[in-house]
Structures are given as structure tokens and as C-alpha cells.
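1. Need coordinates for the following:
(chains A and B)
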Amino acid sequence: DAKTTQPPSMDCAEGRAANLPCNHSTISGNEYVYWYRQIHSQGPQYIIHGLKNNETNEMASLIITEDRKSSTLILPHATLRDTAVYYCIVRVATDNQGGKLIFGQGTELSVKP
Amino acid sequence: DAGVIQSPRHEVTEMGQEVTLRCKPISGHDYLFWYRQTMMRGLELLIYFNNNVPIDDSGMPEDRFSAKMPNASFSTLKIQPSEPRDSAVYFCASSSPSGTSGGASYNEQFFGPGTRLTVL
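-> Numbering: from 1, shown residues only, chains lettered A, B, ... in the order given. Next up, the predicted model:
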């Protein structure tokens, strides 16, 4: 699976959009970009994933560049409850591995009032 | 569904003792994963099962660690003997094909609350 690079930490003001970048310059054609987050003292939680088109769900939006070498997770109106570590993971969508995840260090997002 | 259930939530034991962590996956999920999280190493995949069969145990640190899945609704992770460096939060997760995206199925993993293990 391709390696990802994320900034170790970011701050965001409550109510503003949080834009979390991820670089994955070695991504392969059959690899998807997944985002999970981990709120303090809880298990990680799935947010969103995508291949090449932008994706949106009730939690966030995912913007993938045309060359697929980087992506941005957008939380449109960050709240204090969005304070967490956000993990960007690149992997094939279906590989008979049940969604096996290799976590990096992630970005620690602090939403401030 | 109650989600993935882990027990105990906290465990404090002394070096050399046997420790058993338990996990009940979400009903109907056919994959089960054990992860370990420490400040130094982050989240590491230890082992995973498919239909109760261990598929990849390359992340298990050493022979002191063993994992079993006797049936579809129960798994254990055992450490014998335990050492202080085993202190960590241990997560269990389960998954099953969650849908399709771009024509391919994908698996969303659901994590339990974790077991915080302290070995003195």
C-alpha cells in the first residue's frame, strides 16, 4: 500500500472549515484514499473514502487532485467534537483483506472556541 | 446493534501474569482485527481473521502473544507471560463488505472501545 504524509497537527476555529491535507504521491491506479479519525480514548471511526472523484457525505467532503497524488479532507463547519487525530490511508478497495488498515501518525486537529 | 464489544475495558496486572483480552464483533461481520496502540508506535495491526481463520499474524510481536477465534462471535488475544512493554490500548475491529464504490466492494472497519492494559 502507498505511503501517506500528513502534517502532525493543525488548529481550526469553531464554526470554520477544517481542511486537512494528505500527500500520497506513490498511489497506484487501483488504490483508494480512506479517512478515519480517532477521538481521544475511543477507537478509530470511518469518515469517507474515494478513488478519483470528489466525495461528500454527512460527515465530510473529500477532494482528490486530478493526478491523485494528494487529497484534502474538509469538515465544513468544525465543532469542538471534531477535535481528534485524522488518519489518511491509501489502500486497494477490495483485496480479500477485509479492509485491513495500515495507520500512519495522522494529523491532530484541535478545534478551538 | 451494540457495536464491537471488548472486555475488560481496563486491566492492570503484574509482570509475568497471563492476560486475556476479549472481543465480540458485530453480528454478521466476517473479518476481525486486533490492533495495539502506544504513544511510541501508534496504531499497529497485530492479526486478523476471516471467517474465524487467522489470515495474517505478521504483526504479532512475539510468541508470548496468541489470538484465537473459536466462533464467529468471539475472539481472544492472550499474552503469556506479560511484560511492562506490553502496556498499551488494544483495539478489536470487525468488518464486512459495506457497499460498492466505483464497482468495487469496500470494507468499513468498526472499532471497539479498546482495552487499556497496564503491566506493572
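2. Any idea what the most centrally placed residue in chain A is bridged to?
-> Per CA atoms, centre = their mean, the C-alpha nearest to the average position across chain A is that of residue A:35, at 3.2 Å. For residue A:35, the beta-bridge partners are residue A:48, residue A:88 (DSSP bridges).
3. What separation do you get for it and residue A:43?
-> 15 Å (CB to CB, to the nearest Å). (Glycine included, C-beta is placed from N, CA and C.)
4. now swap in residue A:102 and tell me
-> Separation of residue A:102 from residue A:43 (CB to CB) stands at 16 Å.
5. quick one: which of the two has more around it?
-> residue A:43 (23 against 16; other CB atoms under 10 Å in any protein chain shown).
6. in chain A, which ranges drop under the pLDDT threshold?
-> Flagging of chain A using pLDDT under 70 yields the residue ranges A:1-2, A:93-99.
7. which residues of it fall in strands?
-> Assigned strands in chain A, in chain order: A:9-13, A:18-23, A:31-38, A:45-50, A:55-56, A:61-64, A:70-75, A:84-92, A:107-112 (criterion: DSSP state E).
8. right, so of those, which gets closest to residue B:27?
-> Closest of those to residue B:27 is strand A:45-50, at 18.3 Å (criterion: CB to CB).
9. Quick one: residues in contact with the closest one.
-> Applying CB atoms under 8 Å, 6 or more residues apart in numbering or on different chains, the contact partners of strand A:45-50 are A:32-39, A:55-57, A:59-62, A:64, A:71, A:73, A:86, A:93, B:101, B:106, B:108-111.
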